[in-house]
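Peer 1: The sequence isn't on hand, but the structure is:
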Ligand code: NAD
């Protein structure tokens, strides 16, 4: 770690003063490299994380190239210098940035940090998750083949307890950009505070899908199930709480069970698979524990449960599970399960539905379903989360900012705001 940090430190002066055109040239080469190696990236992440290959191709391989293109488009107009009255304001690169990333969208999470950091003129040390590090090696190989000077991008692999701790406490790191669980985020925040490092955190979520009485219930439930089961539920923005009018609860549960039944579990390398295994033994244990907890908390098991899906006894497979009659204050409704588990919650009035949506430590994403578009915008504004979709479970345009309220994070990635954390 010391040698790597010394390299990043030594490379900073030159790279921080490089013209924007030079940075753009590197990012163009990175973009081409990501496109050229997309098939290999999809295969790598599919094998490591278990996301079905069709989705891994579109998302795990597709998003990193899209995000890089977005920053390529934004960089020329970023106001590194602007005039305010008789002052000139300069946005200078923050220094050496320590990037720490999770395993669920491993290359995407890395690119979300590395690309704007390099674009802003910072040097970078990336520590990917020990659970899924291989796509970071592909990123390193691509960057190594560009005109990037030695020491500007550095890769250090290893567990959080050793490599991660060494990085967050190193005095040469001036900014920590972290994506992962809220518990680890807290540790990173303490380390940043101890040394007055700059900090950005992208953390967990427990997002609500708020189905208003006038909504198309079938479309809302289908969209919610798709979001909840994306990457076998191992998605920070997953809609995991389905809030429905009390008199439509049973119908919503039936629709959810039907939508889940269409999600064929199996080998993620098979094109027909819709639901892959979980990423690790630890995840497998954690999710099964939550499913058992749901049963003891008194929720109704609509579909799924703790047994392995048929034909999937080997591997970290979990049945997609829907619970009905879930109490909003129960642990399965409050805690991030990070698996294919949906909680259906009843409400009486729209005001109560908004209150339930906001009764969470988290605030990452959400969804509002209604045929009244004006009302949708108004209600979306009352949901205390970083992103709210309307009649959709799609997250957002990659050129707009993303990030969490409350224990879902501090700061924003993507969009013009994405450069901010990496500048002084
Ligand atoms: P995690 O917190 O266990 O690990 C994330 C990273 O932190 C890994 O690289 C890990 O090695 C490292 N780490 C662990 N302990 C550390 C320590 N003591 N010091 C420094 N680094 C340490 O999270 P995970 O299981 O990899 O990822 C799942 C979590 O990430 C979920 O909570 C999910 O919601 C969240 N996530 C959030 C977003 C977002 O944008 N908000 C995106 C993806 C994932």
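Peer 2: Here it is on my side, so go on. In this text, all values refer to a predicted model and were calculated from it rather than measured experimentally.

Peer 1: all contacts plus neighbour counts: C-alpha atoms, from now on.
Peer 2: Noted.

Peer 1: mind listing the strands for the stretch 51-200 of the chain?
Peer 2: According to DSSP state E, counting those that start in this stretch, the stretch 51-200 of the chain carries its strands in the segments 81-84, 87-90, 96-100, 123-127, 153-155, 173-179, 198-202.

Peer 1: Quick one: mean pLDDT for the fourth one?
Peer 2: Same thing as strand 123-127. Averaged over strand 123-127, pLDDT sits at 98.

Peer 1: Could you check the pLDDT of the closest residue to residue 408 other than its chain neighbours?
Peer 2: In space, and not counting its chain neighbours, residue 408 is closest to residue 203: 4.5 Å by CA to CA, 6 or more residues apart in numbering. Residue 203 is assigned a pLDDT of 98 by the prediction.

Peer 1: Could you number the chain from 24 rather than 1 from now on?
Peer 2: Done: numbering now begins at 24, and the last item shifts to residue 226.

Peer 1: residues touching residue 226, list them.
Peer 2: Applying CA atoms under 8 Å, 6 or more residues apart in numbering to residue 226 gives the contacts 202, 203, 204, 205, 208, 259, 427, 430, 431, 432.

Peer 1: so which of the residues you listed also contact the ligand?
Peer 2: Contacts with the ligand within those, counted by CA under 6 Å from any ligand atom: 202, 203, 204, 259.

Peer 1: Now tabulate the residues you listed in TSV and tack on neighbour count.
Peer 2: As requested, those are arranged in TSV below (neighbours: other CA atoms under 10 Å):
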residue	neighbour count
202	26
203	21
204	20
259	23
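
Peer 1: List the contacts of the residue of the stretch 224-373 of the chain found nearest the ligand.
Peer 2: Closest residue of the stretch 224-373 of the chain to the ligand, CA to the nearest ligand atom: residue 227 (3.2 Å). Residues near residue 227 by CA under 8 Å, 6+ apart: 203, 204, 205, 259, 359, 385, 387, 430, 431, 432.

Peer 1: Go ahead and confirm the first one touches residue 225.
Peer 2: Yes. Here residue 203 lies in contact with residue 225, judged by CA atoms under 8 Å, at a distance of 6.5 Å.

Peer 1: Quick check: residues of the stretch 24-173 of the chain near the ligand?
Peer 2: Close to the ligand, as judged by CA under 6 Å from any ligand atom, the stretch 24-173 of the chain has residues 123, 124, 125, 126, 150, 151, 152, 153.

Peer 1: are any of those residues buried, and which?
Peer 2: Neighbour counting by 16 or more other CA atoms under 10 Å classes 123, 124, 125, 126, 150, 151, 152 among these as buried.

Peer 1: Nearest to residue 80 among those?
Peer 2: residue 126 (16.2 Å; CA to CA).

Peer 1: mind checking the end-to-end distance for stretch 286-303?
Peer 2: 20 Å (CA to CA, to the nearest Å).

Peer 1: what separates the strand or helix carrying residue 378 from the chain centre, distance-wise?
Peer 2: For residue 378, the host element (DSSP states H and E) is helix 373-381. The chain centroid and the centroid of helix 373-381 are separated by 24 Å under CA atoms, centre = their mean, to the nearest Å.

Peer 1: Next up, phi/psi of the residue of the stretch 224-373 of the chain closest to the ligand, please.
Peer 2: phi -70, psi 180 (degrees, to the nearest 10).

Peer 1: just the helices in the stretch 274-423 of the chain please.
Peer 2: Secondary structure of the stretch 274-423 of the chain (DSSP state H, counting those that start in this stretch): helices located at 304-319, 354-357, 373-381, 396-403.

Peer 1: Run through who's touching the last one.
Peer 2: Read it as helix 396-403. So helix 396-403 is contacted by 377, 390, 391, 392, 393, 411, 412, 413 (CA under 8 Å, 6+ apart).

Peer 1: From these, which land in strands?
Peer 2: Among the contacts of helix 396-403, the residues falling in strands (DSSP state E) are 390, 391, 392, 412, 413.

Peer 1: Name the nearest residue to the fourth one, ignoring sequence neighbours.
Peer 2: Right, the one you point to is residue 412. Nearest to residue 412 is residue 390, by CA to CA, 6+ apart, at 4.5 Å.

Peer 1: That neighbour and residue 419, how far apart?
Peer 2: The value you get for residue 390 to residue 419, if CA to CA is used, is 11 Å.

Peer 1: do residue 371 as well
Peer 2: In terms of CA to CA, residue 371 sits 29 Å off from residue 419.

Peer 1: now swap in residue 244 and tell me
Peer 2: According to CA to CA, residue 244 stands 19 Å off from residue 419.

Peer 1: more neighbours, the two?
Peer 2: Comparing residue 244 with residue 419 by other CA atoms under 10 Å, the one with more neighbours is residue 244, at 26 against 13.
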